[in-house]
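**Q** Give me a model of this one.
(2 chains)
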Amino acid sequence: MSEESPAVVVQDLVKRFGDFVAVDGISLQASRGEIFGFLGPNGAGKSTTIRMLCGLLRPSSGKALVAGLDVAREPERVRQNIGYMSQKFSLYNDLKVIENLRFFAGMYSVSAANLKERIDWAIDMAGLTGREQLLTGTLAAGWKQRLALGCAVLHRPPIVFLDEPTSGVDPISRRLFWELIHRMADDGVTVFVTTHYMDEAEYCNRLVLIDRGRIVAYGSPLELKLKSMEGDLLLLECDQVGKALEELQQAPEVTDAAIFGHALHLVVPQADRAIPQVKAFLSGRGIGVSRIEQIRPTLEDVFVSLTSLKGKREKEQVQP
Amino acid sequence: MSEQGNAIETNGLTKSFPGVRAVDRLSFAVRRGEIFGLVGPDGAGKTTTMRMLAGVLAPDEGSATVAGFDMARDAESAKHRISYMPQRFGLYDELTVDENIRFYADLFGVPRREREGRSAELLQAAGMAEFRSRLAGKLSGGMKQKLGLVCALIHTPEVILLDEPTNGVDPVSRRDFWRILYTLLDQGVTILTTTAYLDEAERCHRVALLHEGRMLFCDTPANLKASLPGAVLSIVCADPRPIRELLTGQPGISTMMIVGDGLHLVVHDPQRMVPELRSRIESAGLPVDTIEQVAPSIEDLFVEAVQGDRGGKP
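**A** Presented below is the predicted three-dimensional model:
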């Protein structure tokens, strides 16, 4: 693969299971050193896409090149060129740290000549120096997670897939982990992340939001927050939040409303016009507004607004 | 009830397992009608606390009172007033949605004439009315969690204890889930929930942030965020690494973190720092887009608190 060619190229990728279309014509490109986030509701087609990119599932049609290799024609070579780290880390808890590393080095056929250097590198990267002989099961979650990352990249894959890599990990370990990921990306590794955590998505350079097998939004976290929301977002503080929420379901200028503690987030077509309308609407129903202002949407707001044709979606969310 | 208006109270609650003090002198009170969150990473003590509150685990020291009952001594009497939804709620995959609900209604002794209306109402709120005859095993993760909640609520409890109810649930289903919880508040229930998603803390009226069995903070999300010493700045740039190198060691910056769009910093004096940082970065010839103050997250607060705890070392 030349330096300039993209690490991953996907064109019109389709996967059908019977008459259910799990992935419906997805196209994307990821460059070397990019951290690429894959978001979407359960059943949106994320894992199916990732499985095809890992050479584990054959596309029904379309094309995917990973590290220059066609996933349909050379799935084995694709698998040698990727690293995969699942949410559950898949480490052996009853093996020592060093034994896990040796085991994965064997699995990934790391050559004897490189073995020591790669294992030393992984131990250093994970901050596990001096802990090589500890049983893996006794490590705190943050260490385990970094060890799992080390195991997944022992064979120097140019592309790494991470599935909700930092769920449940304490925030400090999580930040250390992302630091390592950004460092790997600086060295040219392309990183694919799938997640339901919008705060994990913030660490990605580019995000793709998938719903019902199709890409519905694409861009950096900031671009998504600034551009892809349908309408504006308002923060509303008022008395009787529960009643306000119920009443606002009938307000024509409000397309969506959700409670956040003592406040509401409202989606409206246009903030300047909606603010006086919402105030008037609520005061007409005896609800006093103490604060209403436009705020920048979070990634979660964007996610929900782009994927929440709810009734329709939930029917399809059930696995076939 | 020891104090008027509190649905849940713990006092010096402590539990150790071999080699670890899972919960360490935890004291907090949840008011009636409140949604209160126990928030923290795995291993913070959330589930152990929940189990003591549900009366399924005895504390080593301290007390837990729920709906007026001392849970270490009188959990059996509290059973009908409390609902506890553990992380792995026991749904029967080979039973339908309706059959699972009926099973729990029997278990909690819900009278037959009440259960139909109640279950219809809950299924409606969960957006699951059309799935009554679907096998539970065929539901998606988010729907299973919602069905668990419906089953846990079928006997109209006063206090609801939910242990990581939204774990693994996508953001859209998570919003549905929260909408149901807020609907319940209107009926006068009190909800205690745990989450490892720090951003989910924003949805609670008040939260206790837990770390290694101890409570770091307990307040409303807004007050918590306001208590962050300093402010968070976002530097949007294509290549954050050289900028971070440039700024390392600069006084007035306590934390720097690379994110997808650039760099996040915690600074003491944002008004002064924004122009100062821009001129510093630009005069070093580094490209930079915007520099602006952004709202701090609960995670920012957590990190500042824990790092302070450890003398600034991660």
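
**Q** Now find how far off-centre stretch B:152-161 is within its chain.
**A** Taking Cα atoms, centre = their mean, to the nearest Å, the mean C-alpha location of stretch B:152-161 is offset from the chain mean by 18 Å.

**Q** can you list the residues that contact that stretch?
**A** B:7-8, B:50, B:53-54, B:66-67, B:80-85, B:89, B:101, B:104-105, B:108-110, B:115, B:118-119, B:122, B:162, B:184, B:187-193 (Cβ atoms under 8 Å, 6 or more residues apart in numbering or on different chains). Yep, even glycine has a C-beta here, placed from its N, CA and C like the rest.

**Q** and these, which are buried?
**A** B:7-8, B:50, B:53-54, B:66-67, B:81-85, B:89, B:101, B:104-105, B:108, B:110, B:115, B:118-119, B:122, B:162, B:184, B:189-193 (16 or more other Cβ atoms under 10 Å in any protein chain shown).

**Q** Just these: which are in helices?
**A** Applying DSSP state H to those, the entries found in helices are B:50, B:53, B:101, B:104-105, B:115, B:118-119, B:122, B:184.

**Q** Just give me the closest of the residues you listed to B:Asp170.
**A** B:Leu122 (20.7 Å; Cβ to Cβ).

**Q** which residue packs closest to the closest one, ignoring adjacent ones?
**A** B:Val150 (4.4 Å; Cβ to Cβ, 6 or more residues apart in numbering or on different chains).

**Q** Identify the residues contacting the one you found.
**A** Contacts of B:Val150 by Cβ under 8 Å, 6+ apart are B:101, B:119, B:122-123, B:126, B:128.

**Q** residues near the closest residue to A:Pro221 other than its chain neighbours, how many?
**A** Excluding its sequence neighbours, the residue lying closest to A:Pro221 (Cβ to Cβ, 6+ apart) is B:Gly260, at 4.9 Å. By other Cβ atoms under 10 Å in any protein chain shown, the residues close to B:Gly260 number 23.

**Q** Surely B:Gly260 touches A:Arg206?
**A** Yes: proximity of B:Gly260 to A:Arg206 meets the contact threshold set by Cβ atoms under 8 Å, at 7.5 Å.

**Q** what do those two both touch?
**A** A:35, A:37, A:220.

**Q** And the closest residue to A:Thr307 other than its chain neighbours, what's its pLDDT?
**A** Counting by Cβ to Cβ, 6+ apart, the nearest residue to A:Thr307 once its immediate chain neighbours are dropped is A:Asp211, at 4.4 Å. For A:Asp211, the pLDDT comes out at 91.

**Q** Touching, A:Asp211 and A:Pro41? I think so.
**A** Yes: between A:Asp211 and A:Pro41 there is a contact under Cβ under 8 Å: 6.5 Å.

**Q** Show me which of these two is the more surrounded one.
**A** Neighbours were counted for A:Asp211 and for A:Pro41 using other Cβ under 10 Å; A:Pro41 has more, 28 against 23.

**Q** so what's the backbone phi/psi at that one?
**A** Backbone torsions for A:Pro41, taken as degrees, to the nearest 10, come to phi -60, psi 170.

**Q** Within reach of chain B, which of the shared contacts of B:Gly260 and A:Arg206 are there?
**A** A:35, A:37, A:220 (Cβ under 8 Å from any Cβ of the partner chain).

**Q** Torsion angles phi and psi at the last one?
**A** The phi and psi torsions at A:Ser220 (degrees, to the nearest 10) take the values phi -70, psi 160.

**Q** From A:Met184, how far off is it?
**A** 19 Å (Cβ to Cβ, to the nearest Å).

**Q** Now do stretch B:295-310: distance to the chain's middle.
**A** That offset, for stretch B:295-310, works out to 16 Å (Cα atoms, centre = their mean).

**Q** try stretch B:289-306
**A** 19 Å.

**Q** cool, stretch B:109-121 as well?
**A** That offset, for stretch B:109-121, works out to 29 Å (Cα atoms, centre = their mean).

**Q** what about that stretch and chain A, any contact?
**A** No: if you take Cβ under 8 Å from any Cβ as the test, stretch B:109-121 misses chain A, and the best it gets is 14.6 Å.

**Q** Name the residues that touch that stretch?
**A** Against stretch B:109-121 from outside (Cβ under 8 Å, 6+ apart): B:80, B:98, B:101-102, B:105, B:129, B:150, B:154-156.

**Q** Now for the residues you listed: which two are most distant?
**A** B:His80 and B:Ala129 (26.7 Å).

**Q** hmm, back to that, can you tell me which of the ones next to chain B among the shared contacts of B:Gly260 and A:Arg206 is nearest A:Ile82?
**A** Nearest to A:Ile82 among these, with distances taken as Cβ to Cβ, is A:Ile35, at 15.0 Å.

**Q** I figured that closest one hits A:Glu200, correct?
**A** No: counting by Cβ under 8 Å, A:Ile35 stays clear of A:Glu200, with 10.5 Å between them.

**Q** Find the residues that touch each one of those two.
**A** In contact with both A:Ile35 and A:Glu200: A:Val193, using Cβ under 8 Å, 6+ apart.

**Q** wait, is B:Asp42 part of a helix?
**A** No: according to DSSP: H, G, I helix; E, B strand; the rest coil, B:Asp42 belongs to no helix; its state is coil.

**Q** What sits closest to it if chain neighbours are left out?
**A** A:Gly168 (4.0 Å).

**Q** Ramachandran coordinates for the one you found?
**A** According to degrees, to the nearest 10, A:Gly168 has phi 80, psi 0.

**Q** In contact with it, which residues?
**A** Counted by Cβ under 8 Å, 6+ apart, A:Gly168 has contacts A:141, B:41-42, B:196.

**Q** Could I get the pLDDT score of it?
**A** A:Gly168 is given a pLDDT of 73.
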